[in-house]
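Q: What follows is a predicted protein model with its sequence.
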Amino acid sequence: MSQKRVWVLVLTLGLLQGCAAAVVAGGGAAVVAAQDRRTLGSQIDDTGIAMRARQLFADEDLNKQGRINVVSYNGVVLLTGQVETEQVRQRAGQIARDLQSVRDVHNQIRVGNTISLSTRSRDSWISTRVKTLFLSDSAISGLNIKVVTEDGEVFLMGLVTPEEADKAVEIARHVDGVNRVIRAFEIQ
């Protein structure tokens, strides 16, 4: 075999490995999407809602007046973060309410100083710990509960049964570092 053909073969195999990784990753996303209790349309709408809200907050310069996080689940928007004034908090809530496909808004933005990077890192650890406990508990469907932690407050969103909601709150409130658990569930 010529040296040119060997190089073509090596490059082709390298490209195929990338395709295999993409297929596996895409397949994993499809499995998660299939297990989600939301319709595929709702999942797509939620992504669009969060993207549009972030863009509008940037256009209105709200992000310069604090830190705002947006999460959407089944058309329900959760706003968290910290802003300088109550007017900025109210404006962010109104922008979110006015977005297409939004059914409800939980405006949990706090007026005050932006939390530190170390606090955000701790919050990330708390969310990971809570989500891990959810996924390991057979009494709840951890794939259908979104966990957002902000300054030690854990917000729980998702489509759940009353029993799952109670169990999820019970699990989350016992995780080290959790100051408060706030339900933003939709009960099935």
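A: The structure has been received and is ready for your questions.
Q: so residue 57 makes contact with residue 68?
A: Yes - with contact defined as CB atoms under 8 Å, residue 57 and residue 68 form a contacting pair (5.5 Å). All C-beta spots, glycine's among them, are computed from the backbone N, C-alpha and C.
Q: Which neighbours do those two have in common?
A: Each of residue 92 lies in contact with both residue 57 and residue 68 under the rule CB atoms under 8 Å, 6 or more residues apart in numbering.
Q: mind showing which ranges of the chain have poor pLDDT?
A: Applying pLDDT under 70 to the chain picks out residues 1-34.
Q: in it, which residue is closest to the centre?
A: residue 71 (5.3 Å; CA atoms, centre = their mean).
Q: which stretch of helix or strand covers residue 121?
A: Assigned by DSSP states H and E, residue 121 falls within helix 117-135.
Q: after that helix comes which helix or strand?
A: strand 145-150.
Q: which secondary structure elements does that next one contact?
A: strand 66-73, strand 76-83, helix 117-135, strand 153-160, helix 162-173 (3 or more CB pairs under 8 Å, 6 or more residues apart in numbering; DSSP states H and E).
Q: let's see it at 6 Å
A: helix 117-135, strand 153-160 (3 or more CB pairs under 6 Å, 6 or more residues apart in numbering; DSSP states H and E).
Q: Dump the stretch of helix or strand residue 93 belongs to to PDB, restricted to CA.
A: For residue 93, the host element (DSSP H and E) is helix 86-98. Output in PDB follows, covering the C-alpha atoms of helix 86-98 (Å, rounded to 0.1, in the frame of the first residue of the first chain):
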ATOM      1  CA  GLU A  86     -35.800  46.500  43.700                       C
ATOM      2  CA  GLN A  87     -36.500  48.300  40.400                       C
ATOM      3  CA  VAL A  88     -34.000  46.100  38.500                       C
ATOM      4  CA  ARG A  89     -35.400  43.000  40.200                       C
ATOM      5  CA  GLN A  90     -39.000  44.000  39.100                       C
ATOM      6  CA  ARG A  91     -37.800  44.800  35.500                       C
ATOM      7  CA  ALA A  92     -36.200  41.400  35.100                       C
ATOM      8  CA  GLY A  93     -39.300  39.700  36.300                       C
ATOM      9  CA  GLN A  94     -41.500  41.700  33.800                       C
ATOM     10  CA  ILE A  95     -39.100  40.900  30.900                       C
ATOM     11  CA  ALA A  96     -39.400  37.200  31.800                       C
ATOM     12  CA  ARG A  97     -43.200  37.300  32.100                       C
ATOM     13  CA  ASP A  98     -43.500  39.000  28.700                       C
END
